[in-house]
Structures are given as structure tokens and as C-alpha cells.
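>>> sequence? don't have it. structure:
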């Protein structure tokens, strides 16, 4: 190999190394920019998370204040079933329901419950005061017997 050939090979190698170094410098610069963006996003999200946590704390305090001001319902430990209400009209209706239903039946069709109830109510209104008192007394004594 001649000196010129060695010099040319050396120059080519120097050029290739220089290009590789420039390429690596460009890549490093690009990676540094990406790292800066990631760090900025991370810092920004931490700031937002801190604001969110402060807002959550504030809302929890408001809920606590609201629940303190709302009166609590008194709930007995044993819930007793509601007592049935029995009135004179209910006893009268039960006693006369089948007769009224039969009188309103047309062939196969059964009358609606609302029609039966309306008719029973009309009949109740037509009763004399004494008859209504009699039915109400029956209801009162029925309640006493049920206890």
C-alpha cells in the first residue's frame, strides 16, 4: 500500500467518524428534547394532581358539613307492621262487594274494580246517618277485637 492510499483511507475513515459523531449528536439532542417534554408533563400532572387533591379535600369537608346539618331520622330497631285501618265504609264495602259486582256484570265481562268501588261509594252515601253509625260501630268493635 502506498502512502497516498493510506492517506485516502485515513481521510475516508475520518469523514465517516465525523459523520457518525454528528449523527450521534443529533440523536442526543433529540432525546434531550423528548426528556424535557416528559419532565414538563410530569411536573404539570403533579401540579394538577395537587389541585385535584385540594379540591377533593374541600368537597369532603362540604359533604361533612351538610350531613351534620341534615337531621337524622329516628328509626326504631324493630319495625312494627302498620296497623290495618278498618272503617265503617270498608266493612260495608266488603259485605256488599259481591252483590254489587254481580249486578254490574254483563255476560262474561267482569266489571272494573273502579266501577265496583264507585257504585259502593254511591250506595254508602245513600245510607241514612243511623245506618252509617251502625257500620262505624262495627268497625270500632272489630278494631278492639284485633287489639
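Arrived safely, thanks for sending. These numbers come from a predicted model, not from an experiment.
>>> Tell me, what's the model's pLDDT at the residue nearest the centre of the chain?
In the chain, the C-alpha nearest the mean C-alpha coordinate belongs to residue 63, at 17.0 Å (Cα atoms, centre = their mean). Note on residue 63: pLDDT of 81.
>>> repeat for residue 126
93.
>>> ok, now how distant is it from residue 120?
11 Å (Cβ to Cβ, to the nearest Å). The way it works is simple: take the backbone N, C-alpha and C, and place the C-beta from them, glycine included.
>>> Residue 120 - how many residues pack around it?
Counted with other Cβ atoms under 10 Å, residues neighbouring residue 120 total 20.
>>> Just give the closest residue to it, not the sequence neighbours.
Beyond its immediate neighbours in the sequence, the residue positioned closest to residue 120 (Cβ to Cβ, 6 or more residues apart in numbering) is residue 93, lying 4.8 Å away.
>>> and that neighbour, how many neighbours does it have?
Neighbour number of residue 93 under other Cβ under 10 Å is 18.
>>> after the lengthiest helix in the chain, next one along is what?
Selection of the longest helix in the chain by residue count, based on DSSP state H, yields helix 3-69. Toward the C-terminus, helix 3-69 is succeeded by helix 88-104 as the next helix or strand (DSSP states H and E).
>>> Let me see the domain layout of this protein.
Listed by automatic domain parsing, the domain ranges of the chain are 1-70, 88-146.
>>> Pick the most deeply packed of those domains.
Mean neighbour count (mean count of other Cβ atoms under 10 Å) peaks for domain 88-146 among the domains of the chain, with a mean of 13.
>>> what's the span of that one from first residue to last?
This stretch, domain 88-146, spans 15 Å end to end (Cα to Cα, to the nearest Å).
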